[in-house]
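Trainee: just to be clear, the model below is a prediction. Sequence and coordinates:
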Amino acid sequence: MMLSLFYPLFFVSVLCMNSFSGVQGKKWKGEGTTQNLESIIIGRCYDYIRTVNPAVGEKNCSQIWEAFKNAFINKDPCNILPKDYELFINLTFHTIPPNKSLFWENNQLLVSSFAGRGLRYMSLSDTLFGFVGNLLNWCGQADSPGLDYESCPTTMECENNAVDSFWRMTSIIYAQHSSGVIQVLLNGSAEGGAYPQTGFFADYEIPNLQKDKISQVLIWVVDDIEGPDLDSCGTNSVKILENRLKTLGYDVTCTDNYKSVMFLLCLDNPDHSKCALASSAAAAQRGPISSDRGGSWNKLMFVSFAAFLFRFALVY
């Protein structure tokens, strides 16, 4: 009788302990460290220097991983500062070509597509130091050499977390070494404004631009294909940005729904009303080309038939 009571109580206790430990293990509200982080960082490093941008030269990818990891391992995950990534920056740094810098807010995937992995423009995530950390998550634990795969602190929980401090540091370096004509791609459909007055561009990139290196700032405000037109050049938050840059002494030009970006959006939405002009222009261009090709084909067929008749007459 005693044994029959003991076993149910034992299993209930085990289940309660497991449940409690699961709750305790998830210390933060954010996602935990990306699985296989070391392999991803080292693999991306080699991918970058071998295929994406070999012009940067040789880099020690194992040392880069160690410098990246040591910036936050064994530390309070809410006390990681941008300067903790200085060695990582030193090992990954390379020049950013003039006129290639592409800053942005609220449209990361569009920027990645438009930049074309550095072929058209070189956004922060197209540099080696940005490429290795793009779209990943990570954090360590105080007094522990391991990574926390259960949870990591969000910006709301603590500002000085490992990921935010990483992007602050890389944003500062990216801005400091941008030159020539720089581009800024903003989302005109973003709630709260295309230009957030508190954000990486406003707080870390604009203050670190080197005015003597910058010849012009081009602002492109592009609405989402399915989104509303909430912000435009000369209005709302974009006007605030234009005034800020002009006050700092920059030559600023702003364009709404920049055609090159709109064409890219229309590749995935060719029948949308916003793409009607692009479609009409393409159709108008195709017309004469098709007619000319048809005329050339008819001429070719006539010449071939005439040659056949001539050969036939010689034989017979």
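Mentor: In hand now; what should we look at? Residues are numbered from 1 along each chain as shown.
Trainee: give me the contacts around stretch 269-278.
Mentor: With C-beta atoms under 8 Å, 6 or more residues apart in numbering as the test, stretch 269-278 has contacts from 223, 225-226, 257, 262-263, 265-266, 279. Yep, even glycine has a C-beta here, placed from its N, CA and C like the rest.
Trainee: now with 10 Å, please.
Mentor: For stretch 269-278, contacts defined as C-beta atoms under 10 Å, 6 or more residues apart in numbering pick out 223-226, 229, 257, 259, 262-263, 265-268, 279, 282.
Trainee: so which of those comes closest to Ser144?
Mentor: Ser144 has its nearest neighbour among the contacts of stretch 269-278 in Asp224, at 42.6 Å by C-beta to C-beta.
Trainee: and that closest one, that's in a helix?
Mentor: No. Under DSSP: H, G, I helix; E, B strand; the rest coil, Asp224 falls outside any helix and is assigned coil.
Trainee: please name the nearest non-neighbouring residue to it.
Mentor: Nearest residue to Asp224 in three dimensions, chain neighbours excluded: Ser189, at 4.1 Å (C-beta to C-beta, 6 or more residues apart in numbering).
Trainee: and what of Ser151?
Mentor: In space, Ser151 is closest to Trp28, 4.0 Å off (C-beta to C-beta, 6+ apart).
Trainee: quick one: contacts for the one you found?
Mentor: By C-beta under 10 Å, 6+ apart, Trp28 lies in contact with 77-78, 139, 148, 150-154, 157-158, 161.
Trainee: buried among the residues you listed? Make that a PyMOL selection.
Mentor: Applying 16 or more other C-beta atoms under 10 Å to those, the buried members can be selected in PyMOL as follows:
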select buried, resi 77+139+148+150+151+152+153+161
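Trainee: what's the farthest-apart pair in the contacts of Trp28?
Mentor: Pairwise distances across the contacts of Trp28 (C-beta to C-beta) peak at 16.4 Å, for the pair Glu150 and Cys158.
Trainee: just to revisit the earlier point, count of residues packed around the residue nearest to Asp224?
Mentor: If you count neighbours by other C-beta atoms under 10 Å, Ser189 ends up with 19.
Trainee: any low-confidence regions in this structure?
Mentor: Scanning the chain for pLDDT under 70 picks out 1-25, 277-316.
Trainee: just the helices in it please.
Mentor: Applying DSSP state H to the chain gives helices spanning 2-25, 37-47, 61-70, 86-92, 108-115, 128-131, 162-176, 200, 236-247, 259-268, 276-315.
Trainee: which other residues reach stretch 141-148?
Mentor: 25-28, 30, 32-35, 37-38, 69, 72-79, 138-140, 150, 152, 162.
Trainee: any of those buried? List them.
Mentor: 27-28, 30, 32-34, 37, 69, 72-73, 75, 77, 138-140, 150, 152, 162.
Trainee: from those, which ones fall inside strands?
Mentor: Of these, the ones assigned to strands by DSSP state E are 30, 140, 152.
Trainee: just the closest of those residues to Asp251, please.
Mentor: The shortest gap between Asp251 and any of these belongs to Gly30, at 40.3 Å (C-beta to C-beta).
Trainee: surely the closest one and Cys78 touch.
Mentor: No. With contact defined as C-beta atoms under 10 Å, Gly30 and Cys78 do not form a contacting pair (11.5 Å).
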